[in-house]
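1. Turn this into a structure:
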Amino acid sequence: MGVALALLCASAPCAAQTAVTLGPDTLLTSTVPLDGTVVEPTFTLTADAEGDTARWVWRRVDLSVPAGWTCDACDTGECYGGVPIGADFPPIAPGASGFLKLILSSPGTEGSGFAQFYVHPEGAFDLGSDLYIVFASPGMVGTSDRSGSAWSCAVLPDALRLRGLPAGTPFALRDLAGRTVAAGVSTGPDVVFPLPGGAPGIHVLTCQMPAGPNSLKLYLP
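-> Purely as a prediction, here's the structure:
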């Protein structure tokens, strides 16, 4: 399912109407094999065939990649080493398409991650859309941005798996508005905590460690 976005304007560089359809959706999920196979989740931007040339921009908002994984970005005009802060799409002619994608591979280590982008018409930041890519090795979904830390969290299909927390450590999961979605207390160094349904998006998990609160960001699909 594509998402249509239209821009009406009266000055250059856009003409009377510039419209694109984003596809296949604004959230992509990808499973990244552990054998080095490359995976390329891709967004397309298709310009309205009846409109004018579309001039759009993309920006990286957030990125979390497991240690050792390869993650590069490509758009219609260029492939980059890594994921830059953003770039301009080459002009998209009426009826034609551009793209934005990640090139992902794992050297054999498990993990999960996500990327958030914002795409918008040139000169019209407020008329854009957020795009999300969630990627994980087989058997995992979601992500945490704390790879390599003393404690870690994996988002399973219906639970959080917390590793490395001392027994008795309180933790709470909150959405970006500060509402508590779930809370509990660690019972040991490897805890699986059920997640309530119906709360997708970016969340913050805070653990009350002996030295003070310690937080990480999660994406729940």
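2. and residue 94, how far is that from residue 129?
-> Applying Cβ to Cβ, to the nearest Å, the value for residue 94 to residue 129 is 20 Å. Quick note: C-beta positions are derived from backbone N, CA and C, even for glycine.
3. Check residue 47 too.
-> The gap separating residue 47 from residue 129 is 15 Å, by Cβ to Cβ.
4. who has more neighbours, those two?
-> Neighbour count, other Cβ atoms under 10 Å: between residue 47 and residue 129, residue 47 has more, with 23 against 15.
5. which residues pair with that one across the strands?
-> For residue 47, the beta-bridge partners are residue 20 (DSSP bridges).
6. Tell me the spacing between it and residue 57.
-> Counting by Cβ to Cβ, the gap from residue 47 to residue 57 is 14 Å.
7. neighbours around the residue nearest to residue 200 when sequence neighbours are not counted, how many?
-> Using Cβ to Cβ, 6 or more residues apart in numbering and skipping the chain neighbours, the partner closest in space to residue 200 is residue 220 (5.3 Å). A count of nearby residues for residue 220, using other Cβ under 10 Å, gives 21.
8. you'd agree residue 220 is up against residue 204?
-> No - if you go by Cβ atoms under 8 Å, residue 220 and residue 204 don't touch, sitting 11.2 Å apart.
9. My read is that residue 161 contacts residue 190, right?
-> Yes - when contacts are counted by Cβ under 8 Å, residue 161 is listed as touching residue 190 (7.4 Å).
10. Pick out whichever of these two has more residues nearby.
-> residue 161 (15 against 11).
11. what about that one, which helix or strand?
-> Following DSSP states H and E, one finds residue 161 within strand 159-163.
12. Given the next helix or strand after that strand, what are its sheet partners and their directions?
-> Going down the chain from strand 159-163, the next helix or strand is strand 170-175, by DSSP H and E. In the sheet, strand 170-175 lines up against strand 180-185 (antiparallel), strand 201-209 (antiparallel) (DSSP bridges).
13. Give me the residues contacting the last one.
-> Outside of strand 201-209, the residues within contact range by Cβ atoms under 8 Å, 6 or more residues apart in numbering are 62, 116, 144, 151, 153, 160, 162, 165-166, 169-176, 181, 186, 213-220.
14. Right, I'll leave it there.
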